[in-house]
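[1] What follows is a predicted protein model with its sequence.
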There are 2 protein chains.
Amino acid sequence: MIRLSKLTDYAIVVLSEMARQVGAVHTVAHLADRTGVPAPTVAKLMKAMTPAGLTTSQRGAAGGYALSRPADAISIAEIITALDGPIALTACVDGADSQCGVEQLCPMRGGWEKVNRAIRNALEEVTLADMMAPITFPAPAAATTSTAAQPARPAH
Amino acid sequence: MIRLSKLTDYAIVVLSEMARQVGAVHTVAHLADRTGVPAPTVAKLMKAMTPAGLTTSQRGAAGGYALSRPADAISIAEIITALDGPIALTACVDGADSQCGVEQLCPMRGGWEKVNRAIRNALEEVTLADMMAPITFPAPAAATTSTAAQPARPAH
DNA sequence: TTCAATCAGGACTAAATTGGTCCTGTATTC
DNA sequence: GAATACAGGACCAATTTAGTCCTGATTGAA
């Protein structure tokens, strides 16, 4: 099947957690705690999110990460692109134009481009806010201690 | 990135070859020859295509495989589904309803379903004929001998 | 000024997936 | 009955991905 990498899945969980308080600064340890995603993995995710402009980072003692925009201004496409590179179904049609010498002859190209565009559009229309919508109401208070305890299998 | 499996890529090449003569019977060896895809791999592909109803098979001495429909009646979605299973971005939303116990609580579900549907639609709208369109005119005669010689890197 | 907290940026290992091969059996035709 | 081809697995190898760890740079507070 067309598989989303597990890291992307985690990223959405972690970013959702951050989205509960836009502007607030979250440390890696804190996010790991709240989401159940292992700390080194959270760190890895954030190192991809920040250069992509989805989060901002602050070093030092009171540092951490913060969402750079509200959740409804962050598309799933951006998250996937930050982690996995350009959204494309085949390797040869991946943004860089001329890796494949036979590109202009390649009979498949036109068809894949159509598919890729459609998929890209679909992913751009779904925002982080869409993904977390149903959980908004009971979460902030309850989560503070209780969800930290239960490992909270990220995706599914 | 969201990756199409290489097998799917090969499948499209092989099916395109078959589509040049709908109804004709092609042996695995023949298809391997014409496309450059290794014979055992072609065999593996066909073993997935036939149960999925995309091709028909005929055993025995004059046997082989044939496309069961013209190329413009075969969608890319069908090919992907035959090889890789249902088209879905996450494992938990893959057709079987209840692998994930928290499904009804799962806050992500709604969002992914939207994405999956969009992708599925996109793939259903592109047919095998779309993928091979540009090569239709010069192919049949020229290909008979010359393309068999050059290994013909499948996709790209 | 020094120390502790925290991100930055890699290198590296282990596990899972995928690609590819091969073998044995069954159907069909000549 | 012999040759041809598909059917259906089991299996191994290679690639990719997930996950960990280490060293350094930056910041804020004691």
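    Looks like it arrived, so ask away. Numbering: from 1, shown residues only, chains lettered A, B, ... in the order given.

[2] which one is residue A:19 nearest to, not counting chain neighbours?
    Nearest non-adjacent residue to residue A:19, counting by Cβ to Cβ, 6 or more residues apart in numbering or on different chains: residue A:71, 3.9 Å away. For every residue, glycine as well, the C-beta is placed using N, CA and C.

[3] and chain A, which of its residues are near DNA strand D?
    Contact residues (Cβ under 7 Å from any atom of the strand) of chain A with DNA strand D: A:5-7, A:10, A:38, A:40-41, A:43-44, A:58-63.

[4] Out of those, which sit inside strands?
    Taking DSSP state E as the definition of strands, the residues of chain A next to DNA strand D contribute residue A:58.

[5] closest to residue B:76 among the residues of chain A next to DNA strand D?
    Using Cβ to Cβ, residue A:5 comes nearest to residue B:76 of the residues of chain A next to DNA strand D, at 21.7 Å.

[6] What distance do you get for the closest one to chain B?
    Residue A:5 sits 9 Å away from chain B, going by Cβ to the nearest Cβ, to the nearest Å.

[7] Residue A:38 now?
    Plainly put, residue A:38 is 19 Å away from chain B if you go by Cβ to the nearest Cβ.

[8] Neighbours of that residue, how many?
    Using other Cβ atoms under 10 Å in any protein chain shown, residue A:38 has 11 neighbouring residues.

[9] just the one 3 residues further on next, same as before
    The burial count assigned to residue A:41 is 18, neighbours taken as other Cβ under 10 Å.

[10] So, low pLDDT: which residues of chain A?
    Under the criterion pLDDT under 70, the flagged ranges of chain A are A:1-2, A:89-111, A:133-156.

[11] show me where it has strands.
    Going by DSSP E, chain A shows strands at A:55-58, A:64-67.

[12] could I get the ones you listed as TSV with mean neighbour count?
    Below are these laid out as TSV (neighbours: other Cβ atoms under 10 Å in any protein chain shown):
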stretch	mean neighbour count
strand A:55-58	16
strand A:64-67	22
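
[13] quick one on the thing from earlier: which of the residues of chain A next to DNA strand D fall in helices?
    A:6, A:7, A:10, A:40, A:41, A:43, A:44 (DSSP state H).

[14] Quick one: buried ones out of the residues you listed?
    The neighbour-count criterion (16 or more other Cβ atoms under 10 Å in any protein chain shown) marks A:7, A:10, A:41, A:44 among these as buried.

[15] and chain A, which of its residues are near DNA strand C?
    Counting by Cβ under 7 Å from any atom of the strand, the residues of chain A that sit close to DNA strand C are A:3, A:26-29, A:43-44, A:46-47, A:50-51, A:57-65.

[16] of those residues, buried ones?
    A:26, A:28, A:44, A:46, A:64, A:65.

[17] Closest one of these to chain B?
    The closest of those to chain B turns out to be residue A:44 (Cβ to the nearest Cβ; 17.3 Å).

[18] Leaving out the residues flanking it, which one is nearest to the closest one?
    Nearest non-adjacent residue to residue A:44 (Cβ to Cβ, 6+ apart): residue A:7, at 7.5 Å.

[19] With residue A:118 instead?
    residue B:122 (3.2 Å).

[20] do residue A:75 as well
    Leaving aside its sequence neighbours, residue A:75 sits nearest to residue A:124 (Cβ to Cβ, 6+ apart; 4.9 Å).

[21] next one: residue A:78
    Residue A:78 sits nearest to residue A:54 (Cβ to Cβ, 6+ apart), 6.2 Å away.

[22] Quick check, the one you found in contact with residue A:80.
    No. Using Cβ atoms under 8 Å as the test, residue A:54 is too far from residue A:80 to be in contact (11.2 Å).

[23] The longest helix along chain A vs helix B:109-124, what angle?
    Taking DSSP H as the criterion, chain A has its longest helix at helix A:109-124. Angle, helix A:109-124 to helix B:109-124, by axes from the mean of the first three to the mean of the last three Cα atoms, to 10 degrees: 160 degrees.

[24] Residue A:67: what's it in contact with?
    A:15, A:18, A:19, A:22, A:23, A:54, A:55, A:74 (Cβ atoms under 8 Å, 6 or more residues apart in numbering or on different chains).

[25] can you rerun that using 10 Å?
    A:15-24, A:26, A:49, A:54-56, A:73-74, A:128 (Cβ atoms under 10 Å, 6 or more residues apart in numbering or on different chains).
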